[in-house]
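In: sequence first, then the predicted structure:
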Amino acid sequence: MIPTKKLHNGVDMPVLGLGVWQTKEGEEVRTAVKAALAAGYRSIDTAAVYGNEAGVGEAIRESGVAREDLFITTKVWNSDQGYESTLKAFETSLDKLGLEYMDLYLIHWPVSGKYVDTYRALETLYEQGKVRAIGVSNFHIHHLEDVLANCKIKPMVNQIELHPRLSQVEIREFCQKHEIAVEAWSPLMQGGEIFENETIAQIAEKYGKTPAQIVLRWDIQSDIITIPKSITPSRIEQNVNVFDFELSAEDLAKIDALNENRRLGPDPDNFDF
């Protein structure tokens, strides 16, 4: 069983899930999701813009796992932001996934001039019982402050790019202060660059684990929810086997020291989608 983190509204969210960014719609995403569910994953993270919500839904139905045991996340894309358009986009995602409710619905990026109204739509969906938890993605502190100043319901999650080269300490501290759970996308860095790191390799050898398992364990012990992406069943299974060991404080500090504040994805203040 994958442990869970209790969000500030009392909902339990698995601390590790499968991300399906850049996973092709159809057989590829179905195979990945079914492999994850067979390996014990219960959290799947998709988004409208990924174009694979229908495949995720098919895999869920084919898996035989009870809906109440799953935690499904999707996100509203930038072109759909705004109050009414977000409500419509949510229904489209729900229909594609073939679900009656969502576990977590996120604003994908903080589109200037729109994300506060978009968040109001998320609050409406939450109050209607269509979503168990709501949150944001790629929000800097100033974006979060803007939402907190205008919302009735605090975001439960902020999903951000986070890995050993971009540890996001300031945002993590801000979120902890405001009871907002932090979730890492691209925890293993795009292209797996972190696997070549000498420090990670040495720690992996010490514990008899893969570099990926070391990084994911660092996430979990640092109170970060993590959603590694893979389409390879053997790696999907490896990535979930991180609950039978614990990194020492010294090794956690060594990984913390790898931070370079280096992004692989866009800066939320300077993107044009």
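Out: Sure, I can see it.
In: for the stretch 101-250 of the chain, what spans make up the helices?
Out: If DSSP state H, counting those that start in this stretch is used as the criterion, the helices of the stretch 101-250 of the chain fall at 115-127, 141-150, 169-177, 198-207, 211-221, 233-240, 249-256.
In: rounded mean pLDDT for the second one, please.
Out: This predicted structure assigns helix 141-150 an average pLDDT of 98.
In: next one: the longest one
Out: Looking at helix 115-127 alone, the average pLDDT works out to 98.
In: and that helix with helix 141-150, angle?
Out: 60 degrees (axes from the mean of the first three to the mean of the last three Cα atoms, to 10 degrees).
In: could you say what helices and strands helix 115-127 packs with?
Out: strand 71-76, helix 83-97, strand 102-107, strand 131-137, helix 141-150 (3 or more Cβ pairs under 8 Å, 6 or more residues apart in numbering; DSSP states H and E). For glycine as for every other residue, the C-beta is placed from the backbone atoms N, C-alpha and C.
In: could the helices of the stretch 101-250 of the chain be laid out in JSON lines, adding mean neighbour count?
Out: JSON lines is the format used below for the helices of the stretch 101-250 of the chain (neighbours: other Cβ atoms under 10 Å):
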{"stretch": "helix 115-127", "mean neighbour count": "20"}
{"stretch": "helix 141-150", "mean neighbour count": "15"}
{"stretch": "helix 169-177", "mean neighbour count": "15"}
{"stretch": "helix 198-207", "mean neighbour count": "15"}
{"stretch": "helix 211-221", "mean neighbour count": "23"}
{"stretch": "helix 233-240", "mean neighbour count": "18"}
{"stretch": "helix 249-256", "mean neighbour count": "15"}
